[in-house]
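Visitor: Next input, structure requested:
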Amino acid sequence: MLSSHTLQANKANKSAGKRLGRGNSSGRGNYSARGMKGQKSRSGGKSGLQSRSIKQYLLRIPKNKGFQSLQSKFATVNLVDLQKTFADGTKVNARALLKAELIKTSANGIKILAVGQLSKKLIVEANAFSATAKNQIEAAGGQAIVVGQKPADILKEAANKEQNA
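Guide: All right, here's what the predicted structure looks like:
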């Protein structure tokens, strides 16, 4: 019966290790394949040796693919989702979007994008709107209300005003 205490490794897979320092006729005699002098030839020498080149340092650190931006991003909602989810005349804000599970969090703000068509009259409150989305909401008879802009947006607007002045 096969059980954990009767398991054995395949004997064909085991290869004998190199026997160092067993005389000159063995081929690994006098210096035991370590060379003559220096730190690497002595016992414990290799482990204490540190490479000081930048290449070795760069090879050691993990390489992560892509680019991870540190800037916070808006939670995005498309007009087609608003069309499907909400009834005519509804007030759409962060709480309503979270309840409808169209966004996971409103911590970084909400942006409405113009993907799809909107025919319902909605009052939409968000941190940002694309120009086309705002036009479509207003063309359908609704309102696009900008609430609580993020600090990054305020800085951008101030920079734009300075450039225009």
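Visitor: Got the phi and psi for V124?
Guide: Torsion angles at V124 (phi, psi; degrees, to the nearest 10) stand at phi -110, psi 120.
Visitor: Local confidence estimate at the residue nearest the centre of the chain?
Guide: Closest to where the C-alpha atoms of the chain average out (CA atoms, centre = their mean) is Q68, at 5.4 Å. pLDDT recorded at Q68 is 78.
Visitor: Before we go further, it is sitting in a helix, right?
Guide: No: counting by DSSP: H, G, I helix; E, B strand; the rest coil, Q68 is not part of a helix but coil.
Visitor: distance of it from T105?
Guide: Applying CB to CB, to the nearest Å, the value for Q68 to T105 is 18 Å. Every C-beta, even on glycine, is put in place using the N, C-alpha and C of the backbone.
Visitor: Now A75: closest residue in space, sequence neighbours ignored.
Guide: Nearest residue to A75, sequence neighbours excluded (CB to CB, 6 or more residues apart in numbering): I103, at 4.1 Å.
Visitor: What of N30?
Guide: Closest to N30 by CB to CB, 6+ apart is N24, at 6.2 Å.
Visitor: where exactly do the strands run in the chain?
Guide: Ranges of strands within the chain are 75-78, 91-92, 110-113, 123-126, 128-129, 143-146, based on DSSP state E.
Visitor: What strands flank the fifth one, and is each parallel or antiparallel?
Guide: Strand 128-129 has the following strand partners under DSSP bridges: strand 110-113 (parallel).
Visitor: Equivalent analysis for the second one, please.
Guide: Listed by DSSP bridges, the sheet partners of strand 91-92 and their directions read strand 123-126 (parallel).
Visitor: Just tell me which of the strands of the chain ends up closest to G45.
Guide: The closest of the strands of the chain to G45 is strand 75-78. By CB to CB, the value is 57.5 Å.
Visitor: Distance from that closest one to the middle of the chain?
Guide: The chain centre lies 19 Å from the centre of strand 75-78; the measure is CA atoms, centre = their mean, to the nearest Å.
Visitor: helices or strands up against that strand?
Guide: Contacts defined by 3 or more CB pairs under 8 Å, 6 or more residues apart in numbering; DSSP states H and E place strand 75-78 against strand 110-113.
Visitor: Give me the mean pLDDT for the strand it packs on.
Guide: Confidence over strand 110-113 (mean pLDDT, whole number) is 92.
Visitor: cool, and stretch 25-38?
Guide: Per-residue pLDDT values over stretch 25-38 give a mean of 87.
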